[in-house]
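1. here is my input, please return the structure:
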Amino acid sequence: MKVAVIGAGVAGMTAAYQLAKGGARVDVFEASDNVGGLSRTIELWGQRVDLGPHRFFSGDGRVNRLWLELAGNDYRMVDRLTRIYYRRRFFRYPLKPANALRNMGPFEAARCMLSYLRQKLPARAASRGSAGAPDGETFESWVVDRFGRRLFEMFFKSYSEKLWGIPCSELDADFAAQRIKRFSLGQAIRSAVGPGRARHKTLVDRFAYPLEGSGMIYRRMAERVRRLGGSVRLRTPVRRVLTGEPPLHVLDGPGRRPCRERRVWGIELADGRREPYDRVISTMPLTALVRGLSDLPPEVQAAVDALGFRNTVLVYLHVDRPELFPDQWLYVHSPELRMGRVTNFRNWVPELYGDRQTTILALEYWCYDRDAMWTDDDRPLVELARREIAATGLVDARAVREGQVIRLHQCYPVYRRGYKKHLARIVPWLATIRGLTAIGRYGAFKYNNQDHSILMGILAAENLLEGRGHDLWAVNTDYDAYQEDAATIEELARAA
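-> Okay, here's the model as predicted:
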């Protein structure tokens, strides 16, 4: 079996690695100059940094075993500290009742509790109890039902609208159902003060982190793919996947004849070269994949045109201080600030910075292609980041030595209300193309964490190597259904 994998991100590299181990001939095509996708690690000012915060945690034994297979002993368990910055106050996340009450004050805390209790009145609670997102429900209505309107306005509205660029009333509730699951204010209180302090998956307070950054795992995958006879071709963008009846000159074998069914036969690179393959795994943005296919039905074309992605602009600041604040990252919910998240790489593992006595921060902004931020010069963005981090009181603007801007195109599939109806037209049509598999955050139009994309890669390889029938579109939609066991990293490491 000869397989092309488009994209060397988390899902693509995992699939390639598993396929190579299974004996397939694998070629990975990556447009950038590095592997790891959104989880890659880069060198900056003599230190290592990721593209924002990328913690690893999974309750799926297969995912954890594969991760440990690559990491070996080169990782640490990190005690998570993340807080919410809201109007010059820092709220512990996960919830700490004493901290929240102290920051809010008794009057605001009472308002939040009354708002929550009002939402729980029988007339309003009729639709509560499902983690799914009924048709017509929005992110706003989903969160308000579980936390009350006051907490929604304080801790969900501003951040979510920065991220997605649309009002929460236009954001599909499926995003909340995937990311927040069954979590609610009531459960947060029980988790914080109840007997045994049971932990919800949203509130994981320890995670595994590689000593050389998140990208270490995927660099090692690439090295092993090459040792197993495959290739990882960087700076080699793919224009489109070739389907239908292949031309005779690409058929290998004297007696082989072209097949009349609709199937994959190869890929076309950006420079126009065509290369034949039996199977293609695509992690390129779903919209780009579908638009490049031939004979696109009008209803599929319309569905693709209705989907969109959000871009990330990362502004790295090199700060002339070794200690700034203790969090790995902060969520910035204050509406007067444009940034949405701040990562402090000094607080992950010391191997990232070595003997350097400076700190690198990454401030995250989000935009669309049409927004000025996407096309602005770097200098105004660095100045914006300098002003905004100083406005939080965390950093003296004079301590910022320099800045660096990195733009990440089409990072977030936008869960605009009704997006699932568009996917429902695209996915069945893609299923009619034999040999084509779409996975990953970009490829499956899903807001994946690392573990979701690793699982997609594992299952995609099993489908090709073993003829399994895993429904890859269900990963991170009904992720719990794919939990093989609850073996955590720490449990597996102890067993080993």
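2. if you skip the residues just before and after it, what's nearest to residue 441?
-> residue 448 (4.3 Å; C-beta to C-beta, 6 or more residues apart in numbering). In this view, the C-beta of every residue, glycine as well, is placed from N, C-alpha and C.
3. and for that neighbour, the neighbour number?
-> Residue 448 has 26 neighbours, counted by other C-beta atoms under 10 Å.
4. tell me how far it lies from residue 442.
-> According to C-beta to C-beta, to the nearest Å, residue 448 stands 9 Å off from residue 442.
5. what ranges in this structure fall below the confidence cut-off?
-> The model of the chain has pLDDT under 70 over residues 94-97, 122-136, 179-204, 245-261, 476-487, 492, 495-496.
6. quick check: the gap between residue 345 and residue 386.
-> Residue 345 is 17 Å from residue 386, by C-beta to C-beta.
7. hmm, residue 270 and residue 240 touching each other?
-> No: between residue 240 and residue 270 there is no contact under C-beta atoms under 8 Å: 9.6 Å.
8. okay, these two: which has more neighbours?
-> residue 240 (20 against 13).
9. look up the closest residue to the more buried one, ignoring the ones flanking it.
-> residue 292 (3.0 Å).
10. ok, now which ones touch that neighbour?
-> By C-beta atoms under 8 Å, 6 or more residues apart in numbering, the contact list for residue 292 reads 239, 240, 241.
11. need those residues in CSV (columns: secondary structure).
-> Converted to CSV, those look like this (DSSP: H, G, I helix; E, B strand; the rest coil):
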residue, secondary structure
239, strand
240, strand
241, strand
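12. tell me the one of these nearest residue 357?
-> If you rank the contacts of residue 292 by distance to residue 357 using C-beta to C-beta, residue 239 comes first, at 46.5 Å.
13. all helices of the stretch 1-150 of the chain, in order?
-> 10-21, 61-71, 97-119, 139-147, 149-155 (DSSP state H, counting those that start in this stretch).
14. so the second one versus helix 10-21, what angle?
-> On the basis of axes from the mean of the first three to the mean of the last three C-alpha atoms, to 10 degrees, helix 61-71 is oriented at 80 degrees to helix 10-21.
15. right, and residue 390 touches residue 383 too?
-> No: taking C-beta under 8 Å as the definition, residue 390 is not a contact partner of residue 383, at 10.8 Å.
16. how about residue 355, secondary structure?
-> coil.
17. tally of neighbours for it?
-> Neighbour tally, residue 355, other C-beta under 10 Å: 6.
18. check residue 171 too.
-> So residue 171, with other C-beta under 10 Å, has 25 neighbours.
19. tell me who's in contact with the residue nearest to residue 441.
-> Residue 448 touches 10, 11, 440, 441, 456, 475, 476, counting by C-beta under 8 Å, 6+ apart.
20. quick one, what contacts the nearest residue in space to the second one that is not next to it in sequence?
-> It stands for residue 11. Spatial nearest neighbour of residue 11, chain neighbours left out: residue 440 (3.3 Å); criterion: C-beta to C-beta, 6+ apart. By C-beta under 8 Å, 6+ apart, the contact set of residue 440 is 7, 9, 10, 11, 12, 37, 283, 448, 453, 456, 457.
21. ok, 7 Å please
-> 7, 9, 10, 11, 12, 283, 448, 453, 456 (C-beta atoms under 7 Å, 6 or more residues apart in numbering).
22. let's have these in JSON lines, adding distance to residue 65.
-> Formatted as JSON lines, the contacts of residue 440 follow (distance: C-beta to C-beta, whole Å):
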{"residue": "7", "distance to residue 65": "23"}
{"residue": "9", "distance to residue 65": "20"}
{"residue": "10", "distance to residue 65": "16"}
{"residue": "11", "distance to residue 65": "17"}
{"residue": "12", "distance to residue 65": "20"}
{"residue": "283", "distance to residue 65": "22"}
{"residue": "448", "distance to residue 65": "19"}
{"residue": "453", "distance to residue 65": "16"}
{"residue": "456", "distance to residue 65": "16"}
